[in-house]
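> task: produce atomic coordinates for the following.
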Amino acid sequence: MAYSFAPPEHFAGALLTPAQMARADALAGNTEALMRAAGRAVARAILQRCAPVPVLVLAGPGNNGGDGKAAAKYLARAGWPVRVADFREAGPEQAARAGLVIDAIFGAGLSRELDARTISLLRAARRLVAVDVPSGLDGATGQVRGYAPQAEFTVTFVRKKPGHLLFPGRALCGEVLLRDIGMAESVIAGAGVDTWENGPALFTLPPQAPTGHKYQSGDVTILSGALPGAARLAAMAARRGGAGMVSIAAPAAAPLPEAGIILRHEPLAELLRDARRKSWVVGPGLGVAAAGEALTQLLAAPGLAIVADADALTTCAGRPERLRGVAVITPHEGEFTRLFGAIGPSKLEAARRAAREIQAVVVLKGADSVIAAPDGTAAINANAPPWLATGGTGDVLAGLAAALLARGMPPFAAACAAVWLHGAAAAQAGPGMLAEDLPPLLGRLSHA
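Below is the predicted model of the structure:
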């Protein structure tokens, strides 16, 4: 199964790790000009959002400190009272007196925990704006190295870092303002981009042919146990996601699903003889033992696009190699840990390792879902509202991904699209949303 990925034009949405950003800086040269542009961008952001107050710039020893010093010059020219202090010499009482503290101590590449003196200095700030990231935040992982302050907003440059999107970093950054400082696109390309902010730039939804028929839009089969509630949610999403035919394969005692969803009672081996059934969902509401048996049969059949979730993941706990041959898996953090072990300090790298291990696309779900392909390409999703965390929404996601696979999308693109559309539909639904509210909204979004 192909996992090739064509980067969007002009590297829109690219995320640069601190190491990649350092590489881009080195390729770009002209550090002084870049610092002046970065400082001007920080000053403009403050001038646009804040009333004049006494400002304290806490400057570190590297480029981040240089950006802060440049910002101070522009603010001073605008008539603001500004003081620049080396963070090693400034005291907490100075930070407490300032109307606004500009945190330009350490950038995204910090690789050690903050010391107690720096922590006390940052804690004293009543109002803080961060340059690149709040000091103490790891720009590669979004994790905190001992302590990181809460920023009112963060100004970063060229491209965002993974830590701007991954929690807890996303929350600590406040609003992230991305500013252009004149770095050439060719320099960004030379940095070795492999991570993206998920969004429509990463996928193209397949059009429906004006003369097409239902089987040309793809066939999705969802395996279910005797209580097909989870399978029904997946089926609703698959239908709204554009699949031409959707079936639930369930025991004979299972109740009828909604109109338009076909209920099948034949043995799986018989269903597999139908060559039109190319896209399958295995796991939601199936039962752990049944999911293991079904997964074995599905993987033995050639040419299937399989989305594995829920019980299909539980049955493979500690034995992730049993998933080799599926197209996409959609674990939450608990399921992922049971499959692959502890996530560790980097959610992004954990998802990459898992995708490489099972040679399938991994959607590590959460408020900051990570989508990773076996070749190392990854995307971080940032459009999911908090009310998406409710029962049944994972089943909806699995069904939607299967529909997009059935419509011919490659697995990485299908997973990126499913995750982003899922979040967009939830945002439209609003607080108090139920899982069954999502499919009608997905119908509009997935055909836009």
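
> how many other residues sit next to residue 186?
If you count neighbours by other Cβ atoms under 10 Å, residue 186 ends up with 10. Using the backbone N, CA and C atoms, a C-beta is placed for each residue, glycine as well.

> what helices and strands are in contact with the one helix or strand it maps to?
Here residue 186 sits within helix 185-189, counting by DSSP states H and E. On a contact count with 3 or more Cβ pairs under 8 Å, 6 or more residues apart in numbering; DSSP states H and E, helix 185-189 meets helix 18-28.

> ok, 10 Å please
Helices and strands touching helix 185-189, by 3 or more Cβ pairs under 10 Å, 6 or more residues apart in numbering; DSSP states H and E, are strand 14-15, helix 18-28.

> ok, the nearest residue to residue 139 once chain neighbours are set aside - contacts?
Distances taken as Cβ to Cβ, 6 or more residues apart in numbering place residue 108 nearest to residue 139, at 2.4 Å, with adjacent residues excluded. By Cβ atoms under 10 Å, 6 or more residues apart in numbering, the contact set of residue 108 is 16-19, 21-22, 64, 132-134, 137-140, 156, 160-164, 169.

> quick one, which of these are buried?
16-18, 21-22, 64, 132-134, 137-140, 156, 160-164, 169 (16 or more other Cβ atoms under 10 Å).

> A helix includes residue 230, no?
Yes. Under DSSP: H, G, I helix; E, B strand; the rest coil, residue 230 falls within a helix.

> against residue 236, how distant is it?
11 Å (Cβ to Cβ, to the nearest Å).

> identify the contacts common to the two.
395-396, 399, 435.

> inside helices: which ones of these?
Under the assignment DSSP state H, these contribute 395-396, 399 to helices.

> ok, and the most crowded of the residues you listed?
residue 399 (35 neighbours).

> might you report the residue contacts of that one?
Residue 399 neighbours (Cβ under 10 Å, 6+ apart): 220, 222, 230-241, 243, 246, 279, 281, 284, 307, 309, 418, 438-439, 442.

> in the helix or strand of the chain with the lowest mean pLDDT, what's buried?
Every helix and strand in the chain was compared by mean pLDDT, DSSP states H and E; the lowest is helix 185-189, with a mean of 89. Neighbour counts over helix 185-189 (16+ other Cβ under 10 Å) mark 187-188 as buried.

> go on, stretch 406-423?
406-407, 409-423.

> just those: which are in strands?
The members of those all map outside strands under DSSP state E.

> tell me where the stretch 101-250 of the chain has helices.
Assigned by DSSP state H, counting those that start in this stretch, the helices in the stretch 101-250 of the chain fall at 116-123, 169-172, 185-189, 229-240.

> lowest average pLDDT across those?
Mean pLDDT is lowest for helix 185-189 among these, at a mean of 89.

> determine how far it lies from the middle of the whole chain.
Centre-to-centre, helix 185-189 and its host chain are 23 Å apart (Cα atoms, centre = their mean, to the nearest Å).

> ok, stretch 287-298 next?
With Cα atoms, centre = their mean, you get 29 Å for stretch 287-298.

> ok, and what's touching it?
Contacts of stretch 287-298 (Cβ under 10 Å, 6+ apart): 221, 223-227, 249, 251, 267-269, 271-272, 280, 282-286, 304, 306, 308-317, 319, 322-323, 325-326.

> in ChimeraX, how would I select the buried members of those residues?
Written as a ChimeraX command, the selection of buried residues from the contacts of stretch 287-298, which uses 16+ other Cβ under 10 Å, is:
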select :221,223,224,225,249,268,271,272,280,282,283,284,285,286,304,306,308,309,310,311,312,313,314,315,316,322,323,325,326
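
> in helices, which of the contacts of stretch 287-298 appear?
Reading helices off those with DSSP H, I get 268-269, 271, 311-314.

> which among those gets closest to residue 259?
Nearest to residue 259 among the ones in helices among the contacts of stretch 287-298, counting by Cβ to Cβ, is residue 271 at 21.1 Å.

> please name the nearest non-neighbouring residue to the closest one.
residue 249 (5.8 Å).

> what is the one you found paired to in the beta sheet?
residue 223, residue 264 (DSSP bridges).

> begin at 85, not 1, for the rest of this chat.
In the new count, where the first residue is 85, that last one comes out as residue 333.

> distance check, it against residue 398.
Residue 333 is 19 Å from residue 398, by Cβ to Cβ.

> now do residue 525
Counting by Cβ to Cβ - residue 525 and residue 398 are separated by 29 Å.

> where does the stretch 335-484 of the chain dip in pLDDT?
For the stretch 335-484 of the chain, the stretches with pLDDT under 70 are 340-341.

> this completes my enquiry, with thanks.
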